[in-house]
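K.L.:
sequence plus the predicted model coming up.
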Amino acid sequence: MKKHMYYAVYDVSDNQTRMRVAQALKDAGFVRVQKSVFCGSLSSQQKKDLVEKLKGIAASSDSVYLILTCNKCFGKVTIIGQGFDKDYVAGELESLVI
């Protein structure tokens, strides 16, 4: 099952809805990298399932983007300031000790 890397970016004004969006992303295996930005990998079916779940959560005035990025490009992300462990987010590490 081939998986692709995605950035999930959202703008949700209602606190409860925003928490539900974040939880849906966490449940799908995404890792928070900023307050409203998550990264994770999904198969085609997992993406379809997540999109359906998010459609049931987000209001018409909300925005949720799933942005596909190739694994090679994800590894070349330039981070300025506080970053995140790209290998962990990409699933190349089993655990991360903080």
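P.N.:
Looks like it arrived, so ask away.
K.L.:
may I have the predicted confidence score for the closest residue to residue 63 other than its chain neighbours?
P.N.:
Closest residue to residue 63 apart from its sequence neighbours, by Cβ to Cβ, 6 or more residues apart in numbering: residue 11 at 4.5 Å. C-beta here means a position set from N, CA and C on the backbone, and glycine is covered the same way. The confidence metric pLDDT takes the value 95 at residue 11.
K.L.:
residue 11: neighbour count?
P.N.:
Residues near residue 11, counting by other Cβ atoms under 10 Å, number 12.
K.L.:
what's the answer for residue 49, then?
P.N.:
13.
K.L.:
dump the helix or strand containing it to PDB, restricted to CA.
P.N.:
According to DSSP states H and E, residue 49 maps onto helix 44-57. The C-alpha trace of helix 44-57 is given here as PDB (Å, rounded to 0.1, in the frame of the first residue of the first chain):
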ATOM      1  CA  SER A  44      -5.400   6.700  -1.300                       C
ATOM      2  CA  GLN A  45      -8.100   5.000   0.700                       C
ATOM      3  CA  GLN A  46      -7.000   6.600   4.000                       C
ATOM      4  CA  LYS A  47      -7.100  10.000   2.200                       C
ATOM      5  CA  LYS A  48     -10.700   9.300   1.000                       C
ATOM      6  CA  ASP A  49     -11.800   8.300   4.500                       C
ATOM      7  CA  LEU A  50     -10.200  11.300   6.100                       C
ATOM      8  CA  VAL A  51     -11.700  13.700   3.600                       C
ATOM      9  CA  GLU A  52     -15.200  12.200   4.300                       C
ATOM     10  CA  LYS A  53     -14.600  12.500   8.100                       C
ATOM     11  CA  LEU A  54     -13.400  16.200   7.700                       C
ATOM     12  CA  LYS A  55     -16.400  17.000   5.500                       C
ATOM     13  CA  GLY A  56     -18.600  15.900   8.400                       C
ATOM     14  CA  ILE A  57     -16.800  18.100  10.900                       C
END
